[in-house]
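Q: output the structure for:
(chains A and B)
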Amino acid sequence: MSVSHLLRERAPITEAGWDRLDDEARERVVPALAARKLVDFAGPQGWRYSATNLGRTDRIADGPEGIEAQVRRVMPLVEARAPFTLARSELADADRGAEDIDLEELDAAAVRIATAENAAVFHGWSAAGITGIAEASTHDPFPLGEDCERYPRHVAKAVDTLRGAGIEGPYGMALGPAAHTNVLETSQHGGYPLLEHLREILGGPLVWAPGVEGAVVLSTGGGHFLFESGQDLAIGYASHDAQSVQLYLEESFSFRVATPEAAVALTP
Amino acid sequence: MGTDQYHEPASELPAPTRTFARLCASLTEEAEAIGWYEQRLAIEPDRDARAIMRDAQGEEFKHFSMDLEFLLRRSPLWREIAEGILFQQGDIVEHGEEAEEEAVEGEAARGAPLSTGESLGIGSLKGGPS
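A: Sure, this is the predicted structure:
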């Protein structure tokens, strides 16, 4: 068997144990991966993929005489890793058929890495060279406010702004956890759920987005927001001792905004 | 009929996987139709009827090939293995074994996308449930 850099074969974990961990991670991470529900996803290109081609160059002024030169501009991928530790006794119990094993640290790591991915996509990650959708937007942000009865008006205004800028739908919205809870708990006059009303205005998905502050309304039409995956999310092995095993959830990716006018930020 | 090409709940599958499954189902149907026409042609004595069936079978060859090409474009590992087998002279099984070994090892050596056995295989979630 080939050993990838994840070194899973070196871990004191059985095949059934790995299946259990992968299933658990998938179950926890998918609901939280808001960005992937709204932006274009390319890849995965593999662990050795280091940079996204931007198709642009910078001229090199200082070159050999008689030579015109330029250097390609690329966007490096960021490697994000969320470490966690599991008790070996719990994994052994899982192999015996225990259904209630403690995978709390894995669950927390799953939410942590999904939150980091969302935050990078929507608000940027300057140290990693990523500009987020909200910061790239050419439209002035406007406040979402506390009163979620007014959300339909704000969302309609955001959609109008996009339409006015010639950005076609369908539109979607990433909603931060606090605002999302408010929306779920609210029925409008006549008992109509606010969530459904907002979805109708958008004509597209409204997603729970940990890592997002306020909300971002954007076109999901494609070609505007580009997420490129090197290695998609996977669990790897770091080390172990007699009591515990140190693992991590990892991915590599880049993100860039191709159409800054295709989103409107709503601040908390 | 309808949604029975899905082995897992459709609502849990991302859009690219649903498309992939639809084309796999289509590929199967075209292959079945090719087999049916082959049987009909084997027993049909009427020359005109045979000509029509041969023409129809040609359509199925085309549909099957287009489905296959689509699927191979979406699955680089499948494509690489297929390249070692399709349109080659010689022992088919031997080519199959060699192509599989080379493709799988080559992927690992390149650090190419992890097989779904290692990655969580999540990919795009656009078009799925929100």
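Q: would you list every one of the helices in the chain?
A: Defaulting to chain A. A:15-32, A:88-96, A:104-123, A:133-136, A:151-164, A:177-185, A:194-202 (DSSP state H).
Q: the chain in question should be chain B.
A: Listed in chain order, the helices of chain B (DSSP H) span B:15-43, B:47-74, B:76-85, B:92-110.
Q: packing partners for the longest one?
A: Contact partners of helix B:15-43 among helices and strands, from 3 or more C-beta pairs under 8 Å, 6 or more residues apart in numbering or on different chains; DSSP states H and E: helix B:47-74. Using the backbone N, CA and C atoms, a C-beta is placed for each residue, glycine as well.
Q: how about the shortest one?
A: Contacting helix B:76-85 under the criterion 3+ C-beta pairs under 8 Å, 6+ apart are the following elements: helix B:47-74, helix B:92-110.
Q: looking at these, which one has the lowest mean pLDDT?
A: Of all the helices and strands packed on helix B:76-85, the minimum mean pLDDT falls on helix B:92-110 (a mean of 81).
Q: what angle do helix B:76-85 and that helix make with each other?
A: Angle, helix B:92-110 to helix B:76-85, by axes from the mean of the first three to the mean of the last three C-alpha atoms, to 10 degrees: 140 degrees.
Q: got the helices and strands packed on helix B:76-85 as JSON lines, with mean neighbour count and distance to A:Gly166 columns?
A: Shown next, in JSON lines, are the helices and strands packed on helix B:76-85 (neighbours: other C-beta atoms under 10 Å in any protein chain shown; distance: least, C-beta to C-beta, whole Å):
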{"stretch": "helix B:47-74", "mean neighbour count": "14", "distance to A:Gly166": "32"}
{"stretch": "helix B:92-110", "mean neighbour count": "14", "distance to A:Gly166": "42"}
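Q: got JSON lines for these, with distance to chain A too?
A: Compiled in JSON lines, the helices and strands packed on helix B:76-85 are given as follows (distance: least, C-beta to the nearest C-beta, whole Å):
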{"stretch": "helix B:47-74", "distance to chain A": "13"}
{"stretch": "helix B:92-110", "distance to chain A": "4"}
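Q: so which of the ones you listed comes closest to A:Ile67?
A: Ranking the helices and strands packed on helix B:76-85 by proximity to A:Ile67 (C-beta to C-beta) places helix B:92-110 first, at 33.0 Å.
Q: ok, residue 39 - contacts?
A: Assuming you mean chain A. If you count contacts by C-beta atoms under 8 Å, 6 or more residues apart in numbering or on different chains, A:Val39 has them with A:121, A:133, A:218, A:220, A:224-227, A:255, B:126.
Q: stretch A:164-181: end-to-end distance?
A: End-to-end distance of stretch A:164-181 (C-alpha to C-alpha, to the nearest Å): 30 Å.
Q: buried ones in the longest strand seen in chain A?
A: Within chain A, and with DSSP state E defining each element, the longest strand by residue count is strand A:244-257. In terms of neighbour count (16 or more other C-beta atoms under 10 Å in any protein chain shown), strand A:244-257 has its buried residues at A:244-245, A:247-257.
Q: could you do stretch A:128-143 as well?
A: For stretch A:128-143, by 16+ other C-beta under 10 Å, it's A:128, A:130-134, A:136-137, A:139, A:141.
Q: circling back to that earlier point, among the contacts of A:Val39, name the ones in strands.
A: Per DSSP E, those map to strands at A:218, A:225-227, A:255.
Q: would you mind listing what in chain A touches chain B?
A: A:2, A:4-6, A:8, A:22, A:25-26, A:29-30, A:33, A:36-41, A:43-49, A:172, A:205-207, A:220, A:229, A:231-235 (C-beta under 8 Å from any C-beta of the partner chain).
Q: among these, the buried ones, what's the ChimeraX command?
A: Selecting only the buried entries of these in ChimeraX, with 16+ other C-beta under 10 Å as the criterion:
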select /A:4,6,8,22,25,29,30,33,36,37,38,39,40,41,43,44,45,46,47,49,172,205,206,207,220,229,231,232,233,234,235
